[in-house]
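Engineer: Sequence and predicted structure are below.
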Amino acid sequence: MGDRWEVEVDRSICIGSAQCVHRATGAFRLDSAMQSHPLERETDANELILEAAESCPVEAIVITLLGSGEPVFPPEE
């Protein structure tokens, strides 16, 4: 069985660029305030979701391993 992720968007820094919506169609949506939300907070590891996080201009998307909380993105420095 593959990794499971927890996906969150930090609404305090999200600028609504919609890069995540375009990169991972069906995984994110913008609300009426033009801020991103993951459609599923818990998901199987997915390259498109990782690409969406990497494309966010303000790194508002945080991905961690479900259960352990180990960071997937952004990587620890």
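Structural biologist: That came in fine, so what should we check first?
Engineer: what's the closest non-adjacent residue to residue 2?
Structural biologist: residue 45 (5.4 Å; CB to CB, 6 or more residues apart in numbering). Where you see a C-beta, it was placed from the backbone N, CA and C, and this is true even at glycine.
Engineer: Would you confirm that that neighbour contacts residue 53?
Structural biologist: No. Residue 45 is not in contact with residue 53 according to CB atoms under 8 Å; the separation is 12.0 Å.
Engineer: quick one, which of those two is more surrounded?
Structural biologist: Under the neighbour definition other CB atoms under 10 Å, residue 45 and residue 53 were set side by side, and residue 53 has more, 24 against 14.
Engineer: what about that one, helix or strand, and which?
Structural biologist: helix 47-55 (DSSP states H and E).
Engineer: Sort out which residues of that helix are buried, please.
Structural biologist: Buried positions in helix 47-55, judged by neighbour count with 16 or more other CB atoms under 10 Å: 49-50, 52-53.
Engineer: Could you tell me how many residues sit around residue 25?
Structural biologist: Look at residue 25: counted by other CB under 10 Å, it has 11 neighbours.
Engineer: which ones are touching the closest residue to it other than its chain neighbours?
Structural biologist: Leaving aside its chain neighbours, residue 25 sits nearest to residue 48 (8.0 Å; criterion: CB to CB, 6+ apart). By CB atoms under 8 Å, 6 or more residues apart in numbering, the residues touching residue 48 are 23-25, 27.
Engineer: Quick check: which ranges of the chain have low pLDDT?
Structural biologist: 1 (pLDDT under 70).
Engineer: and the gap between the residue nearest the centre of it and residue 10?
Structural biologist: Of all residues in the chain, the one closest to the mean position by CA atoms, centre = their mean is residue 61, 4.0 Å from it. Computed as CB to CB, to the nearest Å, the residue 61 to residue 10 distance reads 8 Å.
Engineer: and if you look at residue 41?
Structural biologist: 14 Å.
Engineer: hey, C-alpha coordinates of stretch 61-69 in CSV?
Structural biologist: Provided in CSV are the C-alpha atoms of stretch 61-69 (Å, rounded to 0.1, in the frame of the first residue of the first chain):
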residue,chain,number,x,y,z
ILE,A,61,0.1,24.2,0.4
VAL,A,62,1.4,21.9,3.1
ILE,A,63,1.6,18.2,2.6
THR,A,64,2.5,15.8,5.4
LEU,A,65,2.5,12.0,5.7
LEU,A,66,-0.7,10.9,7.3
GLY,A,67,-0.1,9.5,10.7
SER,A,68,3.5,10.5,11.2
GLY,A,69,3.2,14.2,10.2
